[in-house]
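Chemist: Quick one, fold the following:
(chains A and B)
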Protein chains: 2
Amino acid sequence: FAGEVALVGAGPGDPGLLTLRALRALQNADVVLYDRLVSDEVLDLARRDAERIYVGKASGNHHVSQEDTNALLVKLAKAGKRVCRLKGGDPFIFGRGGEELEALAAAGIRFEVVPGVTAAAGCAAYAGIPLTHRDHAQALTFVTGHCKGESDNVDWAALSRPGHTVVFYMGLSQLETIVARLREHGAPGTRAAALIEHGTRPTQRVVTATLEDLVHKAAEANVASPALLIVGEVTRLHDTLHWFNARA
Amino acid sequence: FAGEVALVGAGPGDPGLLTLRALRALQNADVVLYDRLVSDEVLDLARRDAERIYVGKASGNHHVSQEDTNALLVKLAKAGKRVCRLKGGDPFIFGRGGEELEALAAAGIRFEVVPGVTAAAGCAAYAGIPLTHRDHAQALTFVTGHCKGESDNVDWAALSRPGHTVVFYMGLSQLETIVARLREHGAPGTRAAALIEHGTRPTQRVVTATLEDLVHKAAEANVASPALLIVGEVTRLHDTLHWFNARA
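Modeler: Below is the predicted model:
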């Protein structure tokens, strides 16, 4: 039997946001390789006897490199294993899924891809924030605020303009820089924004602000990673449309 | 019993891409209101005795207005019905879900939102096209190419720049205009693009091209709606990473 790899999006956290196909891939797998952003409840849906291998980053410490993960996937599949490569959100949106598939393709391994609910869609839905809206946002941009080097490639002038929504994945650690760059490129201090901590989880918190007081409010509320930052006037709709944890 | 509304993303077409929560909402509903982009296989997962109401556009003909849909949702919930409002893809990404919820909130109706796999994520996964990639695309923008009026709000200069991926929802009818605007704003004729017809469905077709020959190739292949347009160098990875319908 030739092994194979399913590259699977686990969604934003709530196990109810797993797709039917993702559930099938999990229950079919001999081995599950998973990242830091995959929730325990999702992982619990794998077969009891499946091997579980953590390949995510341990913040600050050394971690499994992308090359090591690629090599492990190839090795397991060549050993005949059915491998589920489980990533938080969607594997093709800031998931480096493409790089892993290139390694599999080069080694002649069979694979399939199961898309997932990306963090932006999940957090926005559970926070009551429409990402596009005829009155406020006709376009939607996703960027990663994770790494200093990467954020220098960002087109800040375009992101600063009105009439669209910008979502920063993993933006919390760079929050001050992000706000400063947007302001430098013309975004007004009154532009609305929201930080969503633990999006879609029972512990979800939403902090709404403007660019002027966002850094202060985030510090005051002690917002912690993982958190998603949404910048745009649509975030004002949270006041009217919030429904999840509505009693909190 | 007070009625309630679940605003649910049905995903891009493949019923296997429905989330567990979406399935539960469908099976819980007395009434299902659905759009044109919801597939028959997904609709078949509703209860046998549930009322099904089509509120989508009939191409060219008159259709149910957004205001009528809003009013119908309020009326059904007030009559005590459990309503599932089912939209293709994700309800907050070009789904006008926000407008429907504003009407529900104003009427004091209880609601929840179930995010879905948006068309871009679904089509990209099944076409083997990573939407972001460290080497090719550090950001990702979604715009709608559906309506002439709306596309005039588009920041064409930003979309034309290299180093990111742009996805046009419903871009087929405006394909010539989209390509012309990108070229006018500096995108080279060699920039890669892909059109995905019937994404995630057994009938899926992928046409890869460059901006120079995209319009010609789309006409030659007789690509029909619904189709998603992806512009960016990542689309070149389809050649290496395609896996779905791989025998076709």
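Chemist: Tell me which residues touch residue A:18, please.
Modeler: Contacts here follow CB atoms under 8 Å, 6 or more residues apart in numbering or on different chains; on that basis residue A:18 touches A:10-11, A:26, A:42, A:45, A:116, B:19-20. C-beta: built from backbone N, CA, C; applies to glycine.
Chemist: ok, for residue A:41, nearest residue in space, not its chain neighbours?
Modeler: Closest residue to residue A:41 in three dimensions, ignoring its sequence neighbours and counting by CB to CB, 6 or more residues apart in numbering or on different chains: residue A:15, at 4.1 Å.
Chemist: how many neighbours does residue A:222 have?
Modeler: Using other CB atoms under 10 Å in any protein chain shown as the criterion, residue A:222 is surrounded by 9 other residues.
Chemist: Would you check how far apart residue A:28 and residue A:8 are?
Modeler: 10 Å (CB to CB, to the nearest Å).
Chemist: what's the answer for residue A:208, then?
Modeler: Counting by CB to CB, the gap from residue A:208 to residue A:8 is 33 Å.
Chemist: what's the answer for residue A:223, then?
Modeler: According to CB to CB, residue A:223 stands 29 Å off from residue A:8.
Chemist: The two: who's more crowded?
Modeler: Applying other CB under 10 Å to residue A:223 and residue A:8 shows that residue A:8 carries more neighbours, namely 32 against 19.
Chemist: is stretch A:106-115 anywhere near chain B?
Modeler: Yes. Applying CB under 8 Å from any CB of the partner chain, one finds stretch A:106-115 touching chain B at A:110-115.
Chemist: Now secondary structure too, for those, in a markdown table please.
Modeler: Compiled in a markdown table, the residues of stretch A:106-115 next to chain B are given as follows (DSSP: H, G, I helix; E, B strand; the rest coil):
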| residue | secondary structure |
| --- | --- |
| A:110 | strand |
| A:111 | strand |
| A:112 | strand |
| A:113 | strand |
| A:114 | strand |
| A:115 | coil |
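Chemist: Ranking by neighbours, what's the top pick from these?
Modeler: Among those, residue A:115 has more neighbours than the rest - 34 neighbours, counting by other CB under 10 Å.
Chemist: Return the backbone torsion pair for that one.
Modeler: Note on residue A:115: backbone dihedrals following degrees, to the nearest 10 are phi -70, psi 160.
Chemist: check contacts around it.
Modeler: Taking CB under 8 Å, 6+ apart, one finds A:9, A:19, A:90-92, B:12, B:17, B:117, B:121-122, B:124-126 in contact with residue A:115.
Chemist: Name the nearest residue to it, ignoring sequence neighbours.
Modeler: With CB to CB, 6+ apart as the measure, residue B:125 is the residue that lies nearest to residue A:115, at 3.7 Å, once sequence neighbours are left out.
Chemist: closest to residue B:212 among the residues of stretch A:106-115 next to chain B?
Modeler: Checking the residues of stretch A:106-115 next to chain B against residue B:212 with CB to CB, the nearest one is residue A:113 at 28.7 Å.
Chemist: residue contacts, the residue nearest to the closest one when sequence neighbours are not counted?
Modeler: Counting by CB to CB, 6+ apart, residue B:125 is the residue found nearest to residue A:113 once chain neighbours are left out, at 4.2 Å. Neighbour list for residue B:125: A:9, A:90-92, A:113-115, B:200 [criterion: CB under 8 Å, 6+ apart].
Chemist: Any chance you could list residues touching both of residue A:28 and residue A:8?
Modeler: The overlap between the contact sets of residue A:28 and residue A:8 (CB under 8 Å, 6+ apart) consists of residue A:84.
Chemist: Run through the residues that contact residue A:179.
Modeler: For residue A:179, the contact set (CB under 8 Å, 6+ apart) comprises A:211, A:214-215.
Chemist: Tell me how far it lies from chain B.
Modeler: The span separating residue A:179 from chain B equals 18 Å under the rule CB to the nearest CB, to the nearest Å.
Chemist: again, but for residue A:235
Modeler: Residue A:235 sits 11 Å away from chain B when distances are taken as CB to the nearest CB.
Chemist: and if you look at residue A:68?
Modeler: Residue A:68 sits 16 Å away from chain B, going by CB to the nearest CB.
Chemist: Without its sequence neighbours, what residue ends up closest to that residue?
Modeler: Nearest non-adjacent residue to residue A:68 (CB to CB, 6+ apart): residue A:55, at 7.7 Å.
Chemist: swap in residue A:79?
Modeler: With CB to CB, 6+ apart as the criterion, residue A:79 has its nearest non-adjacent residue at 6.3 Å, and that residue is residue A:3.
Chemist: Make sure residue A:182 is actually in contact with residue A:211.
Modeler: Yes. Contact status for residue A:182 versus residue A:211: in contact at 6.1 Å, counting by CB atoms under 8 Å.
Chemist: Give me the common contacts of these two.
Modeler: Going by CB under 8 Å, 6+ apart, residues that sit against residue A:182 and also against residue A:211 are A:191, A:231.
Chemist: looking only at pLDDT, what's the mean for the longest helix anywhere in chain A?
Modeler: When every helix of chain A is counted residue by residue (DSSP state H), the longest turns out to be helix A:66-78. Here the mean pLDDT over helix A:66-78 is 96, rounded to a whole number.
Chemist: helix or strand right after the lowest-mean-pLDDT helix or strand in chain A?
Modeler: Among the helical and strand segments of chain A, the one scoring lowest on mean pLDDT, DSSP states H and E is helix A:148-151, with a mean of 52. Next along the chain after helix A:148-151, taking DSSP states H and E as the criterion, comes helix A:156-160.
Chemist: Export that following helix to PDB, keeping only CA atoms.
Modeler: Taking only C-alpha atoms (Å, rounded to 0.1, in the frame of the first residue of the first chain), the coordinates of helix A:156-160 have been written out as PDB:
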ATOM      1  CA  TRP A 156       0.900  50.200   3.500                       C
ATOM      2  CA  ALA A 157      -0.400  53.000   1.300                       C
ATOM      3  CA  ALA A 158      -3.000  50.600  -0.200                       C
ATOM      4  CA  LEU A 159      -3.900  49.200   3.200                       C
ATOM      5  CA  SER A 160      -4.400  52.700   4.700                       C
END
